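Peer 1: Can you look at this prediction? I've put the sequence above it.
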Amino acid sequence: MFFSSKRGSRHFRLFYSGTKGAAAVEYAIVAPVLFFLIIGIIQYNVIIFGITVLEGATIAAARAGATLSTGGYSSQSAYIKSILASNVGGLLDANKAYSNLSTVVYNTSDDYANSNPESSCSAGNPCFGAAGEVVVYTIKYPWPIVAPLFSTIFGSGGIYTISTNMIVQNEP
């Protein structure tokens, strides 16, 4: 038997008799994992909130664009830019959101179903179509990842690209 001698038994008791500092060791093991998890949850929720805000702004801009109104502004572009600015609520940069707004215009809903666009306008220079046309509004917003440890999980190069789409048919 291994612990039958007094000497072996005594060393075994000395090893397990002291519990001072055990909580500190446990905390040192658990704390980094816990903090990493909490920061990840916060970062994920902020991204989800950003997606929700951008979706709401895209919906409002598309609805305003479908009216073909200038809303008292000098152009329809200025009107839609103001709609985006009023709906991003300071969380997102309205100029960056507008500069990443692209549109695709289809003559009819059948053309949309068959992926036969009339015109495709690049980001930052959107076109809004004419009366009765179907327009797809797309905003791709580069969201910065705050916690560097999560840049590989949530995005690439410290950026997560939020993308939203809205399809409307312009009023006649």
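Peer 2: Now that the structure is in, tell me what you want to look at.
Peer 1: what about the spatially closest residue to Trp143 that is not a sequence neighbour, how many neighbours?
Peer 2: Nearest residue to Trp143, sequence neighbours excluded (C-beta to C-beta, 6 or more residues apart in numbering): Tyr160, at 4.6 Å. All C-beta spots, glycine's among them, are computed from the backbone N, C-alpha and C. Tyr160 has 20 neighbours, counted by other C-beta atoms under 10 Å.
Peer 1: Just the buried positions in stretch 123-132, please.
Peer 2: Across stretch 123-132, burial judged by 16 or more other C-beta atoms under 10 Å covers Pro126, Cys127, Phe128, Gly129.
Peer 1: The second one reaches Glu118, doesn't it?
Peer 2: So that's Cys127. No: applying C-beta atoms under 8 Å, one finds Cys127 not in contact with Glu118, separated by 9.4 Å.
Peer 1: what is in contact with those two at once?
Peer 2: Here Cys127 and Glu118 have Val105 as joint contacts, going by C-beta atoms under 8 Å, 6 or more residues apart in numbering.
Peer 1: now Ala131: how far from Thr67?
Peer 2: 10 Å (C-beta to C-beta, to the nearest Å).
Peer 1: Same question for Ala22.
Peer 2: 68 Å.
Peer 1: So between those two, which is more surrounded?
Peer 2: Thr67 (14 against 9).
Peer 1: How about the more buried one, nearest residue that isn't a chain neighbour?
Peer 2: The nearest residue in space to Thr67 (C-beta to C-beta, 6+ apart) is Glu171, at 5.7 Å.
Peer 1: and the one you found, what helix or strand is that in?
Peer 2: According to DSSP states H and E, Glu171 maps onto no helix or strand at all.
Peer 1: Assess the claim that it and Ala66 are in contact.
Peer 2: Yes: counting by C-beta under 8 Å, Glu171 touches Ala66, with 5.9 Å between them.
Peer 1: ok but Met166 is inside a helix, no?
Peer 2: No: assigned with DSSP: H, G, I helix; E, B strand; the rest coil, Met166 falls outside any helix and is strand.
Peer 1: Spit out the contact partners of Val123.
Peer 2: To be clear, residue 123 is Ala; Val isn't right here. Ser99, Asn100, Leu101, Ser102, Lys140.
Peer 1: Secondary structure class of Ala131, three-state.
Peer 2: Ala131 - assigned by three-state DSSP - is coil.
Peer 1: picking that back up, same drill for Glu171 and Ala66, tell me which one is more crowded.
Peer 2: Per other C-beta under 10 Å, whichever of Glu171 and Ala66 has more neighbours is Ala66, with 21 against 10.
Peer 1: wait, doesn't the more buried one sit right on Ile167?
Peer 2: No: Ala66 is beyond contact range of Ile167, at 10.0 Å (criterion: C-beta under 8 Å).
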